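Colleague: fold the following.
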Amino acid sequence: MKKIGIILIAALVGGASAIGAYKLLERNTDGMTLAERQNVLFANNPIKISSAGSVDFIQAASAVSPAVVHIRTTFTSSGRRVESPFDMMEEFFGGGGGMRSAPRAASGSGVILTPDGYIVTNNHVVENSSKIEVILSDRRKVEATVVGRDPNTDLALIKVDGANLPVVKMGNSDEVQVGEWVLAVGFPLDLQTTVTAGIVSAKARKIGILDQAQQPTREEYEEYRRTGKLPERPGSRSIESYIQTDAAINPGNSGGALVNANGELIGINAAIASQSGRNEGYGFAIPINLAKKILEDFKKYGKVKRGYIGVSFRELDADYAKELGVKEISGLYVSDVVPNGGGAAAGIKAGDIIKKVQGIEIFDSPDLQERIGRMSPGDKVELTIMRDGKSRDVTVTLKGDESLDQPKTAAAGKATGTSIEQLGASFAPASTALKAKYGVKNGVVVSSVAPGKLFDSLDLPEGIIITSVNGKPVNSSADVKAALPTSKTGMTTVVAVGPNGNYTFKF
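Modeller: Numbers count the residues shown, from 1 in each chain. All right, here's what the predicted structure looks like:
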């Protein structure tokens, strides 16, 4: 009896020490990255998964489910929102073009990453919302705020006030293998927490869903119905390198967890390939290794600071190689080089073929885009290229967005652009070179966009050229301001042009 009492006391003291140590660590995590905070958390609270010979997801599902949350968003009656193609591709393609009425409510899923309430979800789950409500596993409802969101990867980071919340451990998506078992956890079709199982069907999958800068034409829709391929949008800055799975995913799973058999987060569920808008066999998740960089940028800056090589390219295959008259049938053929980009500075030329990034062989655009998507302006990347049949290594220093579309005259205008508060943006006259590039006679460059303001909510990016406001040509900030309606209830129509084509925004 005495021995039992000693063991019990030792257990209590040990438990108290562990709790005390965790609380001490928790108080000192403010300056850590999300990944570092998770390392501290799971070093003290490791996930225990059965090593039974047969496949058993019980413990993985039990570990993950409490930290996957239901997200409900509402929209003001004056809000405008394009229905997302992510959950219902067929509805997107069959819609006939133009902007649609905003739904009064929508729902999706999210994954808690830290005990104090940082949650990852999809951008399309929370974009343009007037209110974000998170329903936790204990059925509490808490309101969330957006920390940052990125249409180019369809990721968003939101925050709720909380303490000691359940957390999903982030894994390593580079180690994911085709054929391994995975679980999808979320809130499909407005059901309660739902877990489905499947295998990884493919990696680095591009489906073109982020390239939809505008509604496709009827001809493009018919082409999609015939070939199953989405239309390409040249010049897009989107990054698609999805993990493809046959675990059942439906509308509402967006933003939920894709985890391995150890209960580690390897992807954020984002899209389905479907003719009906419901699961027909394939779902697509954003790799967590790409998400880590994006989420840290949100936490630090409120937006993504993305680095670019500054080249345009096309994937090589046997047919395209024959068309070009080159012997290589794999890699990325450089079709154009941005004059003031990092690639040009490193000596990359049109006609080069990119074969490796950081020593890893690449075959398709997602192989390169995801690797570069994890990096920031100023980072250096090692590329292996083929030129005239000879292989050579080059070191490229990545540059930011300003290196892609705007010559130095326009970039200089970014610093001196005049701000219009009600639009939440600054404008500078478009240079002669920039107008010639896009074939317009007049226009102003959107030189900066304030986070959380009108232009940001409309996803109007920096660098786009606005050619008219309410039918009036604009060449200066004064022209923009003069063209705006004097009444707060007046409708505004903005016509613009950019790398992805022509745009028309109404608000």
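Colleague: gap between Leu368 and Asn152?
Modeller: Distance, Leu368 to Asn152, using CB to CB, to the nearest Å: 15 Å. (C-beta placed from N, C-alpha, C; glycine too.)
Colleague: ok, now which ones touch Thr114?
Modeller: 34, 37-38, 41, 165, 167 (CB atoms under 8 Å, 6 or more residues apart in numbering).
Colleague: thinking Leu368 is in contact with Lys356, fair?
Modeller: No - taking contacts as CB atoms under 8 Å, Leu368 lies outside contact range of Lys356: 9.6 Å.
Colleague: any common contacting residues for the two?
Modeller: Ile362.
Colleague: more neighbours: the two, which one.
Modeller: Shown here are Leu368 and Lys356; by other CB atoms under 10 Å, Leu368 has more neighbours (26 against 18).
Colleague: which helix or which strand is home to that one?
Modeller: Secondary structure assigned from DSSP states H and E places Leu368 in helix 365-373.
Colleague: work out the gap between that helix and the centre of the chain.
Modeller: A distance of 13 Å separates the C-alpha centroid of helix 365-373 from that of its chain, computed with CA atoms, centre = their mean, to the nearest Å.
Colleague: quick one: contacts of it?
Modeller: So helix 365-373 is contacted by 153, 204-206, 239-242, 287, 289-290, 293-294, 306-309, 313, 315, 332, 354, 357-358, 360, 362, 381, 398 (CB under 8 Å, 6+ apart).
Colleague: out of these, which sit inside helices?
Modeller: Among the contacts of helix 365-373, the members falling in helices (DSSP state H) are 289-290, 293-294.
Colleague: TSV for those, including neighbour count?
Modeller: Formatted as TSV, these follow (neighbours: other CB atoms under 10 Å):
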residue	neighbour count
Asn289	21
Leu290	24
Lys293	19
Ile294	28
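Colleague: now render those residues as a markdown table, adding pLDDT and distance to Glu264.
Modeller: Formatted as a markdown table, the ones in helices among the contacts of helix 365-373 follow (pLDDT from 0 to 100; distance: CB to CB, whole Å):
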| residue | pLDDT | distance to Glu264 |
| --- | --- | --- |
| Asn289 | 95 | 12 |
| Leu290 | 94 | 16 |
| Lys293 | 94 | 18 |
| Ile294 | 94 | 18 |
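Colleague: from those, which is closest to Val142?
Modeller: Nearest to Val142 among those, counting by CB to CB, is Ile294 at 23.4 Å.
Colleague: please name every helix or strand in contact with the helix or strand Ser201 falls within.
Modeller: According to DSSP H and E, Ser201 maps onto strand 194-205. Secondary-structure packing of strand 194-205 (3 or more CB pairs under 8 Å, 6 or more residues apart in numbering; DSSP states H and E): strand 181-186, strand 242-245, helix 365-373.
Colleague: got CSV for the ones in helices among the contacts of helix 365-373, with distance to Gly117 too?
Modeller: Output for the ones in helices among the contacts of helix 365-373, formatted as CSV (distance: CB to CB, whole Å):
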residue, distance to Gly117
Asn289, 23
Leu290, 23
Lys293, 21
Ile294, 18
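Colleague: surely Asn250 touches Ile272?
Modeller: Yes - assessed by CB under 8 Å, Asn250 is found in contact with Ile272 at 7.2 Å.
Colleague: higher neighbour count, these two?
Modeller: For Asn250 versus Ile272, neighbours defined as other CB under 10 Å are more numerous around Ile272 (26 against 23).
Colleague: quick check: Pro461 is in a strand.
Modeller: No - in this structure, Pro461 is coil, not part of a strand, as judged by DSSP: H, G, I helix; E, B strand; the rest coil.
Colleague: show me the contacts for it.
Modeller: Contacts of Pro461 by CB under 8 Å, 6+ apart are 446, 449, 498.
Colleague: please tell me how far the nearest residue to Asp150 once chain neighbours are set aside sits from Trp181.
Modeller: Excluding its sequence neighbours, the residue lying closest to Asp150 (CB to CB, 6 or more residues apart in numbering) is Val304, at 4.8 Å. Per CB to CB, Val304 is found 32 Å from Trp181.
Colleague: more neighbours: which of the two?
Modeller: Val304 (21 against 15).
Colleague: so what's that one scoring on pLDDT?
Modeller: With respect to pLDDT, Val304 scores 91.
Colleague: is it in contact with Asp297, as I believe?
Modeller: Yes - between Val304 and Asp297 a contact is recorded at 4.7 Å, counting by CB under 8 Å.
Colleague: shared neighbours of those two, anything?
Modeller: Gly148.
Colleague: hang on, the earlier thing: avg pLDDT for the strand holding Ser201?
Modeller: On average, strand 194-205 scores 93.
Colleague: same check, this time on stretch 400-413
Modeller: For stretch 400-413, the per-residue pLDDT averages 50.
Colleague: one more: stretch 120-134?
Modeller: 92.
Colleague: and it, what's buried?
Modeller: 120-129, 132-134 (16 or more other CB atoms under 10 Å).
Colleague: pull the most distant pair out of these.
Modeller: Largest separation among the buried residues of stretch 120-134 by CB to CB: Val120 and Asn128, giving 18.7 Å.
Colleague: show the contacting residues for the closest residue to Val444 other than its chain neighbours.
Modeller: Nearest residue to Val444, sequence neighbours excluded (CB to CB, 6+ apart): Phe427, at 4.3 Å. Shown in contact with Phe427 (CB under 8 Å, 6+ apart): 417-418, 420, 444-447, 466, 476-477, 480.
Colleague: filter those to the buried ones?
Modeller: 417-418, 420, 444-447, 466, 477, 480.
Colleague: nearest to Ile158 among those residues?
Modeller: Taking the buried ones among the contacts of Phe427 together and measuring to Ile158 by CB to CB, the closest member is Val446, at 25.7 Å.
Colleague: right, and that closest one touches Asp456 too?
Modeller: No - assessed by CB under 8 Å, Val446 is found out of contact with Asp456, at 10.7 Å.
Colleague: tell me which residues of stretch 190-206 come out buried.
Modeller: 193-198, 200-201, 203-206.
Colleague: swap in stretch 430-447?
Modeller: Buried-residue list, stretch 430-447, by 16+ other CB under 10 Å: 430-431, 434-435, 437-438, 440, 442-447.
Colleague: got any ranges where the stretch 101-250 of the chain has weak pLDDT?
Modeller: Applying pLDDT under 70 to the stretch 101-250 of the chain flags residues 101-104, 211-236.
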